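Novice: Predicted model and sequence follow; I will ask about them next.
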Amino acid sequence: MRFPGVSFVKQSALTAVFTAAVAFSVTGCKQQAPEATPTVSTTPATPAKVKPPVVTTPPAVKAHLYDDDADPNKLIAAGLKQAKKEHKRVILDFGGDWCGDCQVLDIYMHRQPNWDLLNNNFVVVHISVGHIDKNLEIGERYGVALSKGVPALAVLDANGKALYAQAGGEFESMRYMQESSVTEFLNKWKA
């Protein structure tokens, strides 16, 4: 910094004052407390154990949620057997791999707190409806109106009794719904 018409010594002094003023304005004039003064230790320091950061990856879209070749009656029987053993309920999830809303529902179910609610209270059975031309009689058996769209859900107790059947396409527009709608559903029907 140069000041015209001022000697070198005065310029140095003015520069020092200016620098100090800037430093005080940036850092403040707070004096460090005596106990905060670092001390020198002669013992070697032990490195602190640092926990690695928890990395969570968002659930991925699954290519094959619904098996077109699976026997839905066998899937339901296996789900009921597991539910009875684990004192849970069964969610019948009717849909197709082509269905974007079905994928969104699956993603929402795998996010917290839904994932814990699902694991602790339900066995999920995915039933393929093809292109709404397959396993329609299974939906009818449980009172699910597949003509209203998919995904469509039913909740069964461990004995196979339908406790809930989606009748009005409640989940068929999952892409426009909030995750909290899945949370509310799971809380309402949990075992």
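Specialist: That came through fine.

Novice: Next, the buried residues of stretch 157-172.
Specialist: In terms of neighbour count (16 or more other Cβ atoms under 10 Å), stretch 157-172 has its buried residues at 157-158, 164-166, 170-172. For glycine as for every other residue, the C-beta is placed from the backbone atoms N, C-alpha and C.

Novice: Strands of the chain, residue ranges please.
Specialist: Per DSSP state E, the chain carries strands over the ranges 89-95, 122-128, 152-156, 162-165.

Novice: Dump those strands to TSV, plus distance to residue 178.
Specialist: As requested, the strands of the chain are arranged in TSV below (distance: least, Cβ to Cβ, whole Å):
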stretch	distance to residue 178
strand 89-95	19
strand 122-128	20
strand 152-156	16
strand 162-165	20
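
Novice: Which residues are in contact with the closest residue to residue 121 other than its chain neighbours?
Specialist: In this structure, residue 121 finds its nearest non-sequential neighbour in residue 190, 3.8 Å apart by Cβ to Cβ, 6 or more residues apart in numbering. Residue 190 makes contacts with 89, 117, 120-122, as judged by Cβ atoms under 8 Å, 6 or more residues apart in numbering.

Novice: buried subset of those residues?
Specialist: Buried members of the contacts of residue 190, counted by 16+ other Cβ under 10 Å: 89, 117, 121-122.

Novice: Format the residues you listed as JSON lines; extra columns: pLDDT and distance to residue 81.
Specialist: Shown next, in JSON lines, are the buried ones among the contacts of residue 190 (pLDDT from 0 to 100; distance: Cβ to Cβ, whole Å):
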{"residue": "89", "pLDDT": "98", "distance to residue 81": "13"}
{"residue": "117", "pLDDT": "97", "distance to residue 81": "21"}
{"residue": "121", "pLDDT": "98", "distance to residue 81": "17"}
{"residue": "122", "pLDDT": "98", "distance to residue 81": "14"}
